[in-house]
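Peer 1: Got a predicted structure plus its sequence, pasted below:
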Amino acid sequence: MPGGRLTQQERRQIALGLADSLPYAEIARRLDRPTSTVTREVMRNGGPAGYRADLAQRATERRAHRRRPATERLSVPSPQPHGRDAGAVAEYEETLTTVLMATGLPKMAARVLTCLITADSGSVTASELARRLQVSPASVSKAIAYLEGQSLVRRERDERRRDRYLVDDELFYQATLASARSNDQLVATARQGVAVLGAHTPAADRLENIARFLDFISESIVRAAEQVREILHPARPQPPEGDEPPRPDGT
């Protein structure tokens with residue numbers, strides 16, 4: 001399997017594959033490259049709809065020109081638990097970071113979120129994040145603040161009174177509800193515009209259609225989130241009122 005950077009010809013083949021609506025795995029198979037390589041290449045260069053081979057080539061050349069000699073040395077992947085392939089883990093983390101960036105997350109926030117998602121411990125301190133990502137504590141703090149603002153990260157205090165950051169299913173549930181609430185705000189604003197512009201005018205009709213669409217989407221998202229939450233995390237049955245839990249001595 002060939003290694004190293006993608007060539008200009010390979011980038012042209014990727015662009016042709018995207019134009020033919022081929023999945024990443026099929027494009028990668030034709031190039032004899034890992035699927036993750038093609039995924040990263042596309043997502044960091046405009047996404048499936050905006051990928052251009054010549055622009056991607058020039059962007060890669062600019063990045064290589066700006067890169068300092070110290071950063072060109074390959075870092076040795078840290079040992080992995082559970083017998084994992086350290087190289088494969090590093091490659092997957094880069095792919096996940098790139099895909100998260102394509103959803104709109106800033107690069108450092110995406111790196112931090114990837115680190116939290118892939119941590120077996122379930123929670124990581126700010127100093128551990130800075131050490132693992134090899135960035136300044138200020139960069140981590142800024143990324144954490146952004147993720148907390150998006151309801152994607154939760155913090156808790158450990159026994160040493162250190163802040164620990166974690167990602168869990170409940171957070172993604174809350175983030176989904178926050179997204180639906182932002183839609184609700186847009187629905188209300190669109191309907192406000194209907195009243196201002198005058199009902200049954202072309203502009204008002206357009207705003208009403210936007211409001212109806214987003215209203216339906218928000219309702220569907222919230223309903224689906226509630227259903228999935230109940231399936232994945234069913235509530236524990238509560239004891240009948242008046243019943244007390246048994247004491248340690250069995251009485």
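Peer 2: Structure received.
Peer 1: The residue lying closest to residue 179 once chain neighbours are set aside and residue 152, how far apart?
Peer 2: Distances taken as Cβ to Cβ, 6 or more residues apart in numbering put residue 221 closest to residue 179, at 6.9 Å, once the chain neighbours are dropped. C-beta here means a position set from N, CA and C on the backbone, and glycine is covered the same way. Computed as Cβ to Cβ, to the nearest Å, the residue 221 to residue 152 distance reads 16 Å.
Peer 1: Mind naming the longest helix for this structure?
Peer 2: Taking DSSP state H as the assignment, the helix of the chain that covers the most residues is helix 202-232.
Peer 1: Distance from it to the middle of the chain?
Peer 2: Put simply, helix 202-232 sits 22 Å off its chain's centre (Cα atoms, centre = their mean, to the nearest Å).
Peer 1: For that helix, enumerate the helices and strands it packs against.
Peer 2: In terms of contacts (3 or more Cβ pairs under 8 Å, 6 or more residues apart in numbering; DSSP states H and E), helix 202-232 is packed against helix 169-197.
Peer 1: And the one helix or strand residue 62 maps to, what's buried?
Peer 2: In this assignment (DSSP states H and E), residue 62 forms part of helix 53-66. Residues 53, 56-57, 60 are the ones in helix 53-66 that count as buried (16 or more other Cβ atoms under 10 Å).
Peer 1: Then stretch 198-208?
Peer 2: For stretch 198-208, by 16+ other Cβ under 10 Å, it's 204, 207-208.
Peer 1: Residues touching that stretch, excluding its own?
Peer 2: Residues outside stretch 198-208 that contact it (Cβ atoms under 8 Å, 6 or more residues apart in numbering): 190-191, 193-194, 197.
Peer 1: and if you look at stretch 130-142?
Peer 2: Outside stretch 130-142, the residues that touch it by Cβ under 8 Å, 6+ apart are 108, 111-112, 115, 124, 126-127, 129.
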